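A.B. asks: Here's my sequence, what's the structure:
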Amino acid sequence: MKDAALQKAAAIGDRSVQSGRHQRGLREFAHGRGGPRGNYSVNDVLEALVPTGVLRAGINLSNFLLVNDTNEDGQPVGVSPSMAAALAEQLGVDLELITFPSPGELADAATEDVWDIGNIGAEAGRTQHIVFSPAYCEIASTYIVRRSAGIKSIADVDQVGVRIATKARAAYTLWLEDNLKHATLIQTESNDDSFDAFVDQRLEVLAGLKPRLLGDVERLEGAIILDGQFRSVQQAIGTPRRRNPAGAAYLANFVEDAKASGLVASLIERYHVRGLSVASPA
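C.D. replies: Have a look, this model is predicted:
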């Protein structure tokens, strides 16, 4: 079964090259002109990224900055699906979007062979089973605090007795789990639940992506957004770690080219996303 799938992927690659569907990036990568890559061929890349002949892209629906609409067929629309589409076009294969309600569920599926690439935040807690590309965009994470809590800066948040509402398994929450020493995390199922917990339980702090918090703070009395950020969430493209390393190497080159060529910036502009910025070169 596996050999048949690989033969199918290779056949698609051969036909794509012959018909001109492959973009320059894949050809240059295979010929060593795409930056550091190891000794990988076109078929190595296709084996790693499209073993079934179709690029299956895991898409996190809960990030409203990266998925901000659906089309007439009910398919997700936004920066993340468009990055997957650009990759499929460059590989010369068809695209299937595999949607997940949260990044944690997408990450969990890395060992289940249901997606070939996964577009989520690159956090250390996810790297056991996923190899990430460099970030293609980034989002500031910060806090809303109650004025009555007396918290003046981000450095003041990590104190005994401070309770922080945050979405479970979000990239910024994984960072908080690894880095906070004294404050208590109150983890919820969704951003809306985090907001409700902050309000209903009279918590001191609400953590989240800054663009979301800018809207949340307008609904609150006696609360402010702290200046700065505690973490910049690095949105990247991952692939299962057990796959041929040619896939991860190719994704790294693809992302760096997408930033340098202006593709990422153009997608942010096309979808009118505020609070999302192009990541720096790796």
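A.B. asks: Spell out the residue ranges of the helices in the stretch 151-282 of the chain.
C.D. replies: 171-179, 191-200, 210-216, 245-260, 263-270 (DSSP state H, counting those that start in this stretch).
A.B. asks: Ranking these by mean neighbour count, which comes first?
C.D. replies: Neighbour counts (mean count of other CB atoms under 10 Å) averaged over each of the helices of the stretch 151-282 of the chain peak at helix 245-260, with a mean of 22. For the C-beta atoms, the positions are set from N, CA and C on the backbone; glycine is no exception.
A.B. asks: now the angle from it to helix 263-270?
C.D. replies: If you take axes from the mean of the first three to the mean of the last three CA atoms, to 10 degrees, helix 245-260 sits at 60 degrees to helix 263-270.
A.B. asks: Residues contacting helix 245-260, please?
C.D. replies: Identification of contacts with helix 245-260 by CB atoms under 8 Å, 6 or more residues apart in numbering yields 25-26, 29, 34-38, 40-41, 44-45, 47-49, 83, 86-87, 90, 116-117, 131, 133-136, 236-237, 239, 263-264, 278-279, 281-282.
A.B. asks: Would you mind listing which of those are buried?
C.D. replies: Buried members of the contacts of helix 245-260, counted by 16 or more other CB atoms under 10 Å: 25-26, 29, 34, 37, 40, 44-45, 47-49, 83, 86-87, 90, 116-117, 131, 133-136, 236-237, 239, 263-264, 278-279.
A.B. asks: so Tyr143 touches Leu226, yeah?
C.D. replies: Yes: with contact defined as CB atoms under 8 Å, Tyr143 reaches Leu226; the gap is 5.0 Å.
A.B. asks: Who has more neighbours out of these two?
C.D. replies: Neighbours per residue (other CB atoms under 10 Å) separate Tyr143 from Leu226, with Tyr143 holding more: 27 against 20.
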